[in-house]
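Student: whatever this is, show me its structure:
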Amino acid sequence: MTHVLVTGGAGYIGTVLTQLLLERGYDVTVLDRLFFGDTLADLRANPNLHVIQDDIRSCPETVFNGIDAVCDLAALSNVNADGTPIRWFVDPQNGHILKETYRTLSQGGPVQGETDMDNWQTVNGLNIPFIRHNKQNGQDSSTAQYTYLEINPTVDSKLFEKPAEKTSTQP
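Tutor: Presented below is the predicted three-dimensional model:
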């Protein structure tokens with residue numbers, strides 16, 4: 001049986017994908033902080049579902065043991081919670097967002113977040129920053145640099161097919 005890891009599997013899209021994969025007979029492990037609660041409660045009775053409550057940014061590498069495919073839907077959640085402002089600093093010359101500031105939650109609790117956006121490139125008519133420098137409480141926390149970005153990529157349709165049943169001759 002194919003074993004799929006769905007990071008962010010308790011989010012809006014992740015719960016739908018997880019249910020779809022389970023219905024097609026996949027073994028599914030969900031890695032999610034469960035920030036919004038246990039949105040997978042209705043699926044918990046399925047023996048092919050395994051839920052790991054952890055943060056993708058700090059989970060042990062053993063989470064990936066025995067995994068055949070990964071659907072990466074993980075994202076920082078609740079960055080702009082109800083009533084929490086996000087401020088964009090926009091270059092009036094070209095409309096690019098240079099920086100955004102916001103309050104967010106880290107593993108250690110609430111922090112002041114800041115993201116500087118740089119190296120804007122055009123992909124399929126969209127202007128996108130290929131470098132994002134992140135800070136928490138004024139301290140550098142991470143940098144994401146993209147070398148390639150595919151908009152609406154083609155997905156292998158086999159991922160959504162029911163896996164072949166194992167016969168007694170298969171290991």
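
Student: which helix or strand contains the most centrally placed residue in the chain?
Tutor: Nearest residue to the geometric centre of the chain (CA atoms, centre = their mean): Ala74, 1.6 Å. Using DSSP states H and E, Ala74 sits within no helix or strand.

Student: ok, the helix or strand bottoming out on mean pLDDT in the chain: who's next to it in the sheet?
Tutor: None of the helices or strands of the chain scores lower by mean pLDDT, DSSP states H and E than strand 97-106, at a mean of 82. Counting by DSSP bridges, the strands paired with strand 97-106 are strand 86-90 (antiparallel), strand 109-123 (antiparallel).

Student: just the buried residues of it, please?
Tutor: Applying a neighbour-count criterion of 16 or more other CB atoms under 10 Å, one finds 99-100, 102, 104-105 buried in strand 97-106. Using the backbone N, CA and C atoms, a C-beta is placed for each residue, glycine as well.

Student: may I see the strands paired with strand 97-106 organised as CSV, with mean neighbour count and distance to Gly11 added?
Tutor: Shown next, in CSV, are the strands paired with strand 97-106 (neighbours: other CB atoms under 10 Å; distance: least, CB to CB, whole Å):
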stretch, mean neighbour count, distance to Gly11
strand 86-90, 12, 19
strand 109-123, 15, 19
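
Student: where does the protein have low pLDDT?
Tutor: Where the chain drops to pLDDT under 70, the residues are 76-84, 105-107, 152-153, 158-160, 162-171.

Student: show me where it has its strands.
Tutor: 3-7, 27-32, 49-53, 69-72, 86-90, 97-106, 109-123, 126-136, 139-145 (DSSP state E).

Student: follow-up on the earlier one: quick one: contacts for the residue nearest to the centre of the chain?
Tutor: Contact analysis of Ala74 by CB atoms under 8 Å, 6 or more residues apart in numbering lists 7-8, 31-32, 56.

Student: can you list the strands of the chain in a markdown table and add distance to Val16?
Tutor: Formatted as a markdown table, the strands of the chain follow (distance: least, CB to CB, whole Å):
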| stretch | distance to Val16 |
| --- | --- |
| strand 3-7 | 10 |
| strand 27-32 | 12 |
| strand 49-53 | 14 |
| strand 69-72 | 11 |
| strand 86-90 | 26 |
| strand 97-106 | 24 |
| strand 109-123 | 26 |
| strand 126-136 | 25 |
| strand 139-145 | 26 |
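
Student: tell me the contacts of His3?
Tutor: Counting by CB under 8 Å, 6+ apart, His3 has contacts 26-29, 66-69.

Student: if we go to 7 Å?
Tutor: 27, 29, 66-68 (CB atoms under 7 Å, 6 or more residues apart in numbering).
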